[in-house]
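structure, please.
(one chain, ligands or ions: 1)
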Amino acid sequence: MSEIKVITIDGPSGAGKGAVTQTLAARTGFHVLDSGALYRLVGLAARQSGLDLLSEDAVASLARGLDIAFEPAKAGPEPLTIWLSGREVTHQIRTDEAGVDASTVAALPKVRDALGDLQLSFRKPPGLIADGRDMGTVVFKDAQVKIFLTASASVRADRRYNQLKTKGMDVSLADLLDSISARDARDSNRSTSPLVPAEDATIIDSSDLSLAQVHARVWSVIENSDLIGANVNADEVETTDGP
Ligand code: DC
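Sure thing, here's the model as predicted:
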C-alpha cells in the first residue's frame, strides 16, 4: 500500500467535481488526476483512427499506447492544456459529444484495464486528488479521503449548459439534460466499475451549495481524516463562484 495520500472525488457529470478538485489542489498543493479526461482522450483517439468505439480489443490497445501530455494552462477557464499525439485538444475533448464517446469506451472492461497503470502513476508526493467515477471504489481503494459528489440532473444540466456557453460552445439545455440522463444511466449500470459511492465515501449533494460551501464540507471531512497529519495547507482559499 502506498504511503502517498489520496483524496478521491467521484460522482456524475456536472456535480462540480472539477471545480472542487481545483480549489482543493490550490489549498493542499496535491497533484490532480482528471480521469475523465483520459477516457475522453481515448474516445477522441478512437474517432480519429476511424475505429468502431465498441471494438474492445482495438480501443484497449489504442488506450495502452496513448501519446498524451498535460500542462498547467497559462490562462482561460481550463486548468490544463492537453495534447494528443502532439496536437492540442484541450477544447475538443470537452464537448458533450466527446463526453458521450468517453462514456461509451469507458464501459469496455479492457479499456479500463488499459488505463489502470497510467492512473496509478499520478500518485506522487505530496499527494493526489483523483476526480472520476471509480477513483474510490476501484483505482485508489486505499485513499484516505473519499467523497461522492452529486446533484440533481436538472441542476447538473444547468451548470453544464453555463460552462459550455462560457467556453463558446453552442448547446441546447434540453439536449444536455437528455444527454446527461443517458450518460448517468450508462455509467451507473455498466458491469465494470459502475458509478456508485464507495462504502466509506462521504456523500455530498451540491444541488443547493456554492463552490465555497462544497469546498468547506469536503475540508471538514479532510480535517477528520488521516490526511490532516500530511503536509496540507490549513489556510483558507478564495472560492468565489458556484460549482
Ligand atoms: O468526468 P467526465 O465527464 O470528463 O467523464 C467522461 C466520461 O468518462 C464519463 O461519462 C464516464 C467516463 N469515466 C469513467 O468511466 N471513469 C472515470 N473514472 C472517469 C470518467
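
and the nearest residue to Thr192 once chain neighbours are set aside, how many residues sit next to it?
Distance criterion CB to CB, 6 or more residues apart in numbering; nearest residue to Thr192, sequence neighbours excluded, is Pro109 at 4.2 Å. All C-beta spots, glycine's among them, are computed from the backbone N, C-alpha and C. Per other CB atoms under 10 Å, the neighbour tally for Pro109 reads 14.

now Ile147
Counted by other CB under 10 Å, the residues lying close to Ile147 total 29.

ok so, going back, and the pLDDT for the residue nearest to Thr192?
On pLDDT, Pro109 comes in at 96.

if I look at it, how far off is Val20?
29 Å (CB to CB, to the nearest Å).

circling back: identify the residues contacting the residue nearest to Thr192.
56, 191-192 (CB atoms under 8 Å, 6 or more residues apart in numbering).

mind listing the helices for the protein?
With DSSP state H as the criterion, the chain has helices at 17-28, 35-48, 56-64, 96-106, 109-114, 116-120, 153-166, 173-189, 211-223.

what parts of this protein come near the ligand?
13, 35-36, 39-40, 99, 102-103, 106, 132-134, 183, 187 (CB under 6 Å from any ligand atom).

about what we covered before: which one of the contacts of Pro109 sits closest to the ligand?
For these, the minimum distance to the ligand (CB to the nearest ligand atom) is 9.0 Å, reached by Thr192.

give the contact list for that closest one.
Contacts of Thr192 (CB under 8 Å, 6+ apart): 107-109, 112.

what does Ser193 give?
So Ser193 contacts 112, 133-134, 137-138 (CB under 8 Å, 6+ apart).

what pLDDT is listed against it?
90.

any idea how far it is from Gln119?
11 Å.

same check, this time on Leu177
Plainly put, Leu177 is 30 Å away from Gln119 if you go by CB to CB.

kindly report the same for Asp226.
22 Å.

what about those two, which has more around it?
Legend: neighbour count by other CB under 10 Å for Asp226 and Gln119, higher for Gln119 (20 against 10).

pull the number of nearby residues for the nearest residue to the more buried one once chain neighbours are set aside.
Spatial nearest neighbour of Gln119, excluding adjacent residues (CB to CB, 6+ apart): Val139 at 5.2 Å. Val139 is flanked by 24 other residues according to other CB under 10 Å.

does Val139 touch Leu38 like I think?
No: the criterion here is CB atoms under 8 Å, and Val139 misses it with Leu38 at 10.8 Å.

need the overlap of contacts for the two.
In contact with both Val139 and Leu38: Gln119, using CB under 8 Å, 6+ apart.

and the end-to-end length of stretch 45-59?
9 Å (CA to CA, to the nearest Å).

buried stuff in that stretch?
Neighbour counts over stretch 45-59 (16 or more other CB atoms under 10 Å) mark 45-46, 51, 53, 56, 59 as buried.

and what of stretch 79-88?
Per 16+ other CB under 10 Å, stretch 79-88 contains these buried residues: 79, 81-84.

alright, that wraps it up for me.
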